[in-house]
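> For reference, the sequence and a predicted model appear below.
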Amino acid sequence: MKVGYVDFNFFGQSVRMSGEEHDLVDARFFYSGHLAIPDADAPDLLVDISCCDLPRRGFFTSLLAKDRLRKRIRLSARTEEGWGEPRTTEFTSWSGVSSPLPPFRDSSLWRRVATYSGTTMTMPDGRGMVITGNNYVGKTATSLQLYERGYGLISDSVVVLDSESGELLPYLSPIGYRRENLRRNYDWISTVPHRETISPDTGLVVLVRPEDALPEQSERDPVPFDVLVHLRRAGGESSSTVLSTPDIGWYTGVPRNVVDSLVPQNIHAVTVPENAPPDEVADQIEKAMAS
């Protein structure tokens, strides 16, 4: 039985999520930076979540555990005529299913913002920098190292580019600690709210809210898109080169030529050894920026 709801605001789009109370607690954890007061005029999107096979197990608990129980998302969007036809999606694993939070696909954001996997930071001189790379290349660990050097973390997991302003928007999602980064930080992580999941590639991953991981950074504002870095690991010594920006598969309904006009023309391709620790990776990125 559904017992409540919680309201969020993602880049101007209001979303009301309903579900079991433990699911709403988890939703507040995962999207704490986007919590909002209820919209007096009604939200733009209604989202109902549940774990069909075992409701008390919980939607988010099932997702994190990768237990392959059936989960359900029921979504209704507000239109000028009222509420649109509800759409229901059932799945056992997240792959291939469009997430309703943030509602990049299911709201007017689809025609306004472009998203891509990566990390967004503010450089000490005020420029906005995006770091891309394959999964588990070390983007998060490197960004936390750069944070200690005076950079600001705008978004850890998803790059959000506003096609109207040309700015990179802050998406405040939990930060994932894994492998050596988790071992070095586990003592304080165990004292703050967190969630755990298992990656088949890297093992235990512990998720921490950005306000707990980076308490000194209280505000995150949009930043210009000035620098694009692509990080990769390979054998041999560290190196960097400047290349023309390749075609990037942005997730968006914005025309491709519009998005391309907002992306830096050149990309800094930074290669580091397979075993290079975060401080060495950060050194190489700063060296590339200075050259």
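Nice, thanks for sending it over.
> can we go C-alpha only for contacts and neighbour counts from here?
Noted.
> in terms of contact, does Ser173 touch Tyr31 like I think?
Yes: applying CA atoms under 8 Å as the test, Ser173 and Tyr31 come out as touching, 6.1 Å apart.
> Looking at those two, which one has more neighbours?
Ser173 (22 against 19; other CA atoms under 10 Å).
> gap between that one and Met121?
14 Å (CA to CA, to the nearest Å).
> Please apply the same query to Ser190.
Distance from Ser190 to Met121, by CA to CA: 26 Å.
> do the same with Thr142
From Thr142 to Met121 the distance is 11 Å (CA to CA).
> Pro102 now?
20 Å.
> before we move on, what about Asp201?
Taking CA to CA, one finds Asp201 at 26 Å from Met121.
> Looking at the two, which one has more neighbours?
The neighbour count for Asp201 versus Met121, taken as other CA under 10 Å, is higher for Met121 (27 against 8).
> need the contact list for that one.
128-130, 143, 151-155 (CA atoms under 8 Å, 6 or more residues apart in numbering).
> tell me the SS of it?
Judged by DSSP: H, G, I helix; E, B strand; the rest coil, the three-state class of Met121 is strand.
> helix or strand for the closest residue in space to it that isn't next to it in sequence, which one?
Spatial nearest neighbour of Met121, excluding adjacent residues (CA to CA, 6 or more residues apart in numbering): Leu153 at 4.6 Å. Using DSSP states H and E, Leu153 falls within strand 152-155.
> mind listing what's buried in that strand?
152-155 (16 or more other CA atoms under 10 Å).
> in the stretch 151-291 of the chain, which spans are strands?
Remark: strands assigned in the stretch 151-291 of the chain by DSSP state E, counting those that start in this stretch are 152-155, 158-162, 167-169, 175-178, 194-199, 203-208, 223-224, 227-233, 239-244, 266-272.
> nearest to Leu45, of these?
Closest approach to Leu45 among those (CA to CA): strand 158-162, 19.6 Å.
> tell me which of the contacts of Met121 is nearest to Lys66?
Closest to Lys66, out of all of the contacts of Met121 and judged by CA to CA, is Ser155, at 24.6 Å.
> from memory that closest one sits against Ser173, does it?
Yes: using CA under 8 Å, Ser155 and Ser173 qualify as a contacting pair, with a distance of 7.2 Å.
> Roughly how far does Pro103 sit from Asn181?
30 Å.
> Show me the contact partners of stretch 208-223.
By CA under 8 Å, 6+ apart, stretch 208-223 touches 29-30, 32, 122, 126-128, 152-154, 167-170, 172-177, 189, 192-195.
> Identify the residues contacting the closest residue in space to Glu164 that isn't next to it in sequence.
Excluding the flanking residues, the one nearest Glu164 by CA to CA, 6+ apart is Arg112, at 6.8 Å. Residues near Arg112 by CA under 8 Å, 6+ apart: 162-164, 252-254.
> if I look at Arg112, how far off is Asp39?
For Arg112 relative to Asp39 (CA to CA), the value is 21 Å.
> Give me the contacts around the longest helix belonging to the chain.
Using DSSP state H to define each element, the chain has its longest helix at helix 278-290. Identification of contacts with helix 278-290 by CA under 8 Å, 6+ apart yields 138, 141-143, 145-146, 229, 238-241, 268, 270, 272.
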